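Q: Generate a structure from the sequence data that follows.
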Amino acid sequence: MNTANKLTMVRILLIPAFLAVLYIGFTGNTYVAMGIFIVAGLTDIADGYIARKRNLVTDFGKLMDPLADKILVLSAMLWFLEQGIMPAWVVLIVVVREFLVTALRLIAADTGRVIAAGISGKIKTVVTMACLTIMFLNLPPWAVIASVVAITVTTVFSGVEYFIKNKDVFNWKKI
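A: Residues are numbered from 1 along each chain as shown. Predicted coordinates for the structure are as follows:
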C-alpha cells in the first residue's frame, strides 16, 4: 500500500475516533473532536498531493478517498443535525448531490469515461470542511448560519456544474 493510500486509511480510521469523542461527552470533547476532524481533513489534502506528485493514483484511492471524505463530512453533519445546529434539509441537499454526482460518474464509467473532480467540487469540499470546523467553535448564530449557507451554496453550485459540464453523458435517445 502506497503512502497516499495509507493516509486514506488513516482518515477512515479517524472517523470512528471522531464519533467516539463526540459521543463520550467529556469536558472539551467537541474541541478534541474538531482536532481529529482537522487532522482527517489534512490527510485528504496530503494524500491527494502525494498521489498526484508521485503518480500513485490507484483503484483503491479512486474509490476510498472520496468515500472517506463523504463519511467524514456526513458524520459531522449528522452530529450537528442531532445537536439541532444544522437543519435536516441541508444534510439532505448534501446527500442528494453526492448520490447524483456518483450516479453521473457511474453512467459515464459505463461508457469508459472518467469524470474527474472539478474545481467547484474541490472548492465545495474545502468550504464544507472549513465551515464544519467553524461550527465546532461554538460561535454566535450568525457564524453558524453563514457556514450552513456556504455549505449549501457550494454544494448546489458544484452539483449543477457537474451536470452541465457532463450533459453529453446522457444518451437521451436510450432513456
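Q: how many neighbours does the closest residue to residue 86 other than its chain neighbours have?
A: Leaving out its chain neighbours, the residue that sits closest to residue 86 by Cβ to Cβ, 6 or more residues apart in numbering is residue 80, at 3.8 Å. In this view, the C-beta of every residue, glycine as well, is placed from N, C-alpha and C. If you count neighbours by other Cβ atoms under 10 Å, residue 80 ends up with 21.
Q: Verify the contact between residue 80 and residue 135 for me.
A: Yes. Assessed by Cβ atoms under 8 Å, residue 80 is found in contact with residue 135 at 6.0 Å.
Q: Check the gap between the residue nearest to residue 86 and residue 37 for me.
A: With distances taken as Cβ to Cβ, to the nearest Å, residue 80 is found 11 Å from residue 37.
Q: Mutual contacts of these two, please.
A: residue 132 (Cβ atoms under 8 Å, 6 or more residues apart in numbering).
Q: re the thing from before, and the residue nearest to residue 86, how close does it get to residue 169?
A: From residue 80 to residue 169 the distance is 33 Å (Cβ to Cβ).
Q: about what we covered before: enumerate every residue touching the residue nearest to residue 86.
A: Neighbouring residues of residue 80 by Cβ under 8 Å, 6+ apart: 86, 132, 135.
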